[in-house]
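> Return atomic coordinates for the entry below.
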Amino acid sequence: MSQAVIRGQRALSILLSLDVRDAGERVLELLAGVANLKELPASGWFAGQAVATAIEAIYLGLREARYNDVDHFVAEREDEATMGGLGVGVSHEAVQDYGQVVLSSRARYWVQRSQQEGMVNRVDVVLSSNQAGVFDSDESHLQAGRELIDGFDFNSVQAGVDLVTRRLFWSPEFAQFIQTRQLEVVSMHTPAHTAVRVLKKLEEQPDLWCDLPRVMAGLAGAIDLAMLREQKGEGAVVFCRTLLGPAIAARARRYQAKLAPFFELIEVERVRHDVEGSPITVRYTTLKPKSLPADDFMSVAAVWPQPLYAQLTRLFMRPAKPLRKAKVHALFGPSGEGARDAIAVIAGTCGFEHVIERAASPRQIEDAFRFIRSHPRLSAWLVAVARSWDELQSTIQWVRLLAKQEGLASIGVLETAIVPSMAEIPHYEERLRLMHATYKDRREEIARIPTRARELDNTSIGGVFVKQLLTGLDLLEEGSQMRHCVGGYTHSLSDPRIVLLSLRGDPQDKTTWSTAEVQFRRRFAVSVSQHRGRFNVAPPAANEEALNEVCDLLLKARAARATGIPSLALARRLDQIDQALRRARNRLQNAIARRRNRRYARLDGDEIPW
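I've put the predicted structure just below:
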């Protein structure tokens with residue numbers, strides 16, 4: 001392609017200033033001429049390389065534009081028989097040029113079939129978000145097109161025109177490509193297939209720049225991890241597919257010399273079953289990596305699913321200053337319970353790349369990560385309110401200030417409040433005000449819950465301080481401190497059979513804290529139904545011993561209220577009497593029932609028994 005193509009900030013400004021309807025019509029007119037179409041299809045999307053080339057030819061001064069074909073994508077209904085034939089969900093099924101593969105959360109479609117009609121390549125796809133293939137509005141059809149291009153493997157082809165609304169659309173990665181003309185792999189669901197396509201792209205578009213060793217190393221890591229998971233039987237299909245279909249295998253052999261520095265072309269055998277269920281051995285071509293990315297990246301990538309892999313390669317493997325690398329490790333370094341959920345909240349709020357760019361320091365990332373991990377039930381609020389790293393920081397600071405001013409119970413109030421929809425609220429200040437208003441309404445609602453009658457005075461047993469939780473705010477504060485679900489037990493306050501207790505050893509050592517639910521199965525018989533430490537771990541031994549004594553104190557209090565005598569022996573004797581009375585009452589009820597049944601049995605069939 002000619003070097004006359006406009007690039008840099010000027011190219012990005014041109015793209016962002018386009019009237020998408022006018023641009024869509026102009027691109028469609030050009031492509032209709034290229035494909036010699038007398039009439040455009042009424043639905044679906046033109047998307048991919050042809051659309052990207054048309055944009056460059058019309059708006060960015062591209063001369064000698066080359067069009068191999070025009071890809072027309074159409075949403076089809078899911079056909080279970082066809083899906084079975086394509087092997088979706090089977091890790092060793094080979095892919096064709098478009099990849100017969102389920103693409104999970106980033107890539108949002110899979111291909112059912114494709115056929116060439118002149119210059120138009122019609123591709124029938126099933127969209128993971130709309131498997132019915134029915135759209136209730138023009139906007140939903142346009143949004144489906146956006147999801148479609150999000151699954152394309154190169155940033156240079158993530159553009160399309162909606163054939164219903166005639167609007168041009170593109171991904172953020174495509175906009176970045178227009179500015180830099182740097183080829184990046186943005187989805188690695190078929191890494192061996194993509195490695196071959198990288199070489200084809202660079203051959204057809206010599207003005208592109210690509211950090212080929214880095215890109216190929218990232219693809220090698222994807223292949224290695226997929227093969228490892230397949231060998232271990234861990235569902236490699238969730239990660240990606242590595243085998244080449246016949247057309248791509250033939251192309252790989254033509255590029256074998258260019259692939260040689262990075263991969264070895266090998267043949268593998270897989271056992272499949274024919275239509276009668278008989279096993280057959282099939283040989284496939286694939287790429288065997290000659291070198292892999294650094295261990296620190298591979299250890300992180302191994303625990304995350306395939307849709308995130310391409311983004312991880314760009315975060316970890318791009319040349320970067322030490323500060324950027326430290327931020328990346330601060331974000332992805334932590335492990336253990338809740339780590340992935342916390343990282344997912346950050347991604348859902350503002351995206352990883354945005355965090356790396358905007359965070360002031362690795363410590364700022366670590367601080368936000370700890371807060372989100374410690375308060376998982378606030379995740380819905382954070383994702384609803386924040387749209388950027390700065391807004392996420394501001395929201396976290398607001399919650400911390402609220403807890404400082406009104407106590408830890410305020411966090412529990414937020415956790416038990418229903419998060420309102422904020423999708424249509426553009427300004428952060430308005431979303432934060434709605435969060436505060438919802439908090440106030442929920443706090444007033446909780447404050448109206450009646451206080452539980454006290455069963456036990458605050459006491460200290462063996463160095464463990466024990467108090468009864470009597471109000472909804474007590475429960476919410478306990479749940480916020482202990483990071484478990486007791487904050488949602490407000491219904492238990494109205495049940496006389498349940499007593500909720502907070503136990504604290506060393507006030508400074510949270511590992512000595514626990515929460516207990518004690519139940520009176522009978523009027524004078526008590527048992528521990530739940531006893532949990534912080535984060536629902538097992539409680540300390542000292543707290544278990546103290547709780548046993550607390551159960552005795554509760555029994556004495558019950559005896560005192562019944563007889564005026566606070567005696568454990570008396571409580572046990574009263575329980576024996578209660579059980580004896582219950583058995584006698586049951587015997588009497590059974591005898592009455594037997595007599596009634598005998599009486600009814602003597603009646604003639606036509607006689608009404610009353």
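> make it CA atoms for all contacts and neighbour counts henceforth
Will do.
> mind listing what's buried in stretch 474-489?
Going by neighbour count (16 or more other CA atoms under 10 Å), the buried part of stretch 474-489 is 474-488.
> If we only consider those, which is nearest to Phe369?
Nearest to Phe369 among the buried residues of stretch 474-489 is Arg483, at 15.4 Å by CA to CA.
> who are the neighbours in contact with the closest one?
Shown in contact with Arg483 (CA atoms under 8 Å, 6 or more residues apart in numbering): 374-375, 534-536.
> Now do stretch 453-465: distance from first to last residue.
Stretch 453-465 has an end-to-end distance of 20 Å (CA to CA, to the nearest Å).
> How about residues contacting that stretch?
Outside stretch 453-465, the residues within contact range by CA under 8 Å, 6+ apart are 466-468, 470, 499, 503-506, 542-543, 546, 549, 553-554, 557.
> Could you list which of these belong to strands?
Using DSSP state E, the members of the contacts of stretch 453-465 that fall in strands are 466-468, 499, 503-504.
> Just flag the most distant two among those.
Val499 and Arg504 (16.5 Å).
> returning to what we had before: now the ones in strands among the contacts of stretch 453-465 as a markdown table including neighbour count, distance to Arg21 and pLDDT?
A markdown table is the format used below for these (neighbours: other CA atoms under 10 Å; distance: CA to CA, whole Å; pLDDT from 0 to 100):
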| residue | neighbour count | distance to Arg21 | pLDDT |
| --- | --- | --- | --- |
| Val466 | 23 | 69 | 93 |
| Lys467 | 19 | 67 | 92 |
| Gln468 | 22 | 66 | 91 |
| Val499 | 24 | 65 | 90 |
| Leu503 | 25 | 65 | 94 |
| Arg504 | 23 | 65 | 94 |
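> So for stretch 140-151, what gets flagged as buried?
141-142, 144-151.
> hmm, which two among those residues are most spread apart?
Spatially, the most separated pair among the buried residues of stretch 140-151 is His141 and Gly151, at 16.2 Å (CA to CA).
> hang on, the earlier thing: can you tell me which of the ones in strands among the contacts of stretch 453-465 lies closest to Ala75?
When those are compared against Ala75 (criterion: CA to CA), the nearest one is Val499, at 57.1 Å.
> Dig out what the closest residue in space to that closest one that isn't next to it in sequence forms beta bridges with.
Excluding the flanking residues, the one nearest Val499 by CA to CA, 6 or more residues apart in numbering is Val518, at 5.1 Å. Judged by DSSP bridges, the bridge partners of Val518 are Val499, Val528.
> Might you report the residue contacts of Val518?
Taking CA under 8 Å, 6+ apart, one finds 498-501, 526-530, 551 in contact with Val518.
> pLDDT wise, what is it at?
With respect to pLDDT, Val518 has a value of 90.
> What of Gly8?
At Gly8, pLDDT is 93.
> residues contacting the residue nearest to it when sequence neighbours are not counted?
Nearest residue to Gly8 in three dimensions, chain neighbours excluded: Gln179, at 4.3 Å (CA to CA, 6+ apart). Listed by CA under 8 Å, 6+ apart, the contact partners of Gln179 are 7-12.
> how close does Gln179 sit to Ala250?
34 Å.
> and what of Glu203?
Where Ala250 is concerned, Glu203 sits at a distance of 16 Å (CA to CA).
> Same question for Gly44.
In terms of CA to CA, Gly44 sits 30 Å off from Ala250.
> Where does pLDDT dip in the stretch 51-200 of the chain?
77-108, 128-133 (pLDDT under 70).
> now the chain
Applying pLDDT under 70 to the chain picks out residues 1-3, 77-108, 128-133, 232-240, 305, 488, 596-610.
> Spatially central residue for it, please.
Ala344 (6.2 Å; CA atoms, centre = their mean).
> now that residue, what's its secondary structure?
At Ala344 the chain is in helix, as set by DSSP: H, G, I helix; E, B strand; the rest coil.
> Helices of the stretch 401-550 of the chain, residue ranges please.
409-416, 428-447, 472-482, 541-563 (DSSP state H, counting those that start in this stretch).
> max-length helix in the chain?
Assignment by DSSP state H gives helix 568-602 as the longest helix of the chain.
> which strands and helices sit next to that helix?
Judged by 3 or more CA pairs under 8 Å, 6 or more residues apart in numbering; DSSP states H and E, helix 568-602 is in contact with helix 541-563.
> that older thread, how far away is the residue nearest to Val499 from Leu308?
Val518 sits 45 Å away from Leu308, taking CA to CA as the criterion.
> Any figure for the gap between Arg433 and Pro289?
For Arg433, the distance to Pro289 - CA to CA - is 53 Å.
> So which of those two has more stuff around it?
Between Arg433 and Pro289, counted using other CA atoms under 10 Å, the more crowded position is Pro289 (22 against 12).
> Quick check: chain neighbours aside, which residue is closest to that one?
Phe263 (4.6 Å).
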